[in-house]
Every structure is written in structure tokens, then in C-alpha cells.
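1. missing the sequence, but the structure's below:
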């Protein structure tokens, strides 16, 4: 008897029905499905999300919402986009303190960049969302205006450097992999991928 691997669910509720047969959507759907069946890709996503989880937790974020793989259509950009799953931090508990805003921005930069740095260091550098994380960090910095002007590029680089420095510690690497294993159970419970 051959045991079949379950096909993971992909949320396509963000795709308008009239675009459900569009060639770009169908190609992207196949790419996402293929990625979800790739053990290296599953490991990379879990390691990426572990980076975010560890650093957002250090900031005091307590709640994270697991999200499944999804494809959506961006009406404004006229593009399809996707993500392979994740843990979305609830940032409503973070309050900006003008006295310590620079430290808070650096913490946010580390938390935002950690996914990409963890992936670079622990998952053969597979790209699983760093471009989107960078864009979200930039938006967060822009949201501080006009009270505070932040050089998001400089803070992003500094955040990346700090996370790289932390990951030189072998215990930090092991903590990252332990966290990735826990995250896999939340976002890919159907997967038998090992770390």
C-alpha cells in the first residue's frame, strides 16, 4: 500500500472568482502547491518564522496568529501574490514611547529582518518573504512621521547585523531550530518534515 502525502490547503479567497482561471493565477497556484510539497521549502518557512517569533517575543508581543498558505489578487497593483504560511504578530500591544523610539525602531528592525537572516544562516538562504518584511518595516517607520523621522534603511541594516551577530552563538542557533520545530506544528501540522 502506498501512503499519500496530504495536499495542503491553499486559501484563495483573496482571488476574485472571475480571475480563478487566469493563467498567472493557475501558474502561481501550481508553484505554491509545489513549494508546500518541498521539505526544504517547509523548513525554510518555519526557520524564517522562528526568527520573527523570537525577536517579536523579545519586544513583548504575546499573541501570534498562524496563517496558512494563501494566494490573493492585489487590485491596486493588478498582480497576484502569495505566501506559504506564517505567524502574524499582534503588534497592538506595542506602544511607541517617544523617549525610547530609536531603541524601539531598532528592536522592530531586528524582529522584521530576523526571518531573512535566520533563513540565510540556517536554511541555505532560501528566499521566503524578506522583500515583504522589508516593505512592512518601511511602512511602520513611515507611520511614525511626522513626530519622528527614521532612516529605515540604516535601521534595517543595523537590525540585520545585530541578528547575524546573535546567530554566531551556537545556543542561539539551536534555540532557533527548536522554535522552528514548534512553529511547523502550528502552520504545517500535516507535514512530516524533520529538522
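-> Sure, I can see it. Computed from a predicted structure; not experimentally measured.

2. pick out the residue nearest the middle of the chain.
-> residue 49 (5.0 Å; C-alpha atoms, centre = their mean).

3. just say helix, strand or coil for residue 27.
-> On the three-state scheme (DSSP: H, G, I helix; E, B strand; the rest coil), residue 27 is labelled helix.

4. ok, it to residue 52 distance?
-> Separation of residue 27 from residue 52 (C-beta to C-beta, to the nearest Å): 28 Å. Any C-beta I mention is one placed from the backbone N, CA and C, and that applies to glycine too.

5. tell me which of these two has more neighbours.
-> residue 52 (27 against 11; other C-beta atoms under 10 Å).

6. any idea whether that one is helix, strand or coil?
-> Of the three states, residue 52 takes helix according to three-state DSSP.

7. I figured it hits residue 87, correct?
-> Yes. Counting by C-beta atoms under 8 Å, residue 52 touches residue 87, with 6.7 Å between them.

8. chain center to the helix or strand of the chain with the lowest mean pLDDT: distance?
-> Here the helix or strand of the chain ranked lowest by mean pLDDT, DSSP states H and E is helix 130-142, holding a mean of 90. Distance, stretch centre to chain centre, for helix 130-142: 11 Å (C-alpha atoms, centre = their mean, to the nearest Å).

9. list the residues that contact the residue nearest to the centre of the chain.
-> If you count contacts by C-beta atoms under 8 Å, 6 or more residues apart in numbering, residue 49 has them with 85-87, 115, 180, 183, 187.

10. okay, those in JSON lines with pLDDT and distance to residue 100 next?
-> Converted to JSON lines, these look like this (pLDDT from 0 to 100; distance: C-beta to C-beta, whole Å):
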{"residue": "85", "pLDDT": "94", "distance to residue 100": "33"}
{"residue": "86", "pLDDT": "93", "distance to residue 100": "28"}
{"residue": "87", "pLDDT": "94", "distance to residue 100": "26"}
{"residue": "115", "pLDDT": "96", "distance to residue 100": "24"}
{"residue": "180", "pLDDT": "97", "distance to residue 100": "30"}
{"residue": "183", "pLDDT": "97", "distance to residue 100": "29"}
{"residue": "187", "pLDDT": "95", "distance to residue 100": "32"}
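
11. from the residues you listed, which single one is nearest residue 62?
-> Set against residue 62, the nearest of these by C-beta to C-beta is residue 87 (12.3 Å).

12. so how far is residue 109 from that closest one?
-> 18 Å.

13. and those two? which has more neighbours close in?
-> residue 109 (27 against 20).

14. so what's the more buried one closest to, chain neighbours aside?
-> residue 159 (2.9 Å; C-beta to C-beta, 6 or more residues apart in numbering).

15. hang on, the one you found packs against residue 113?
-> Yes. Between residue 159 and residue 113 there is a contact under C-beta under 8 Å: 4.4 Å.

16. mutual contacts of the two, please.
-> Counting by C-beta under 8 Å, 6+ apart, nothing touches both residue 159 and residue 113.

17. of the two, who's got more company?
-> Taking neighbours as other C-beta under 10 Å, residue 159 and residue 113 compare with residue 113 leading, 27 against 24.
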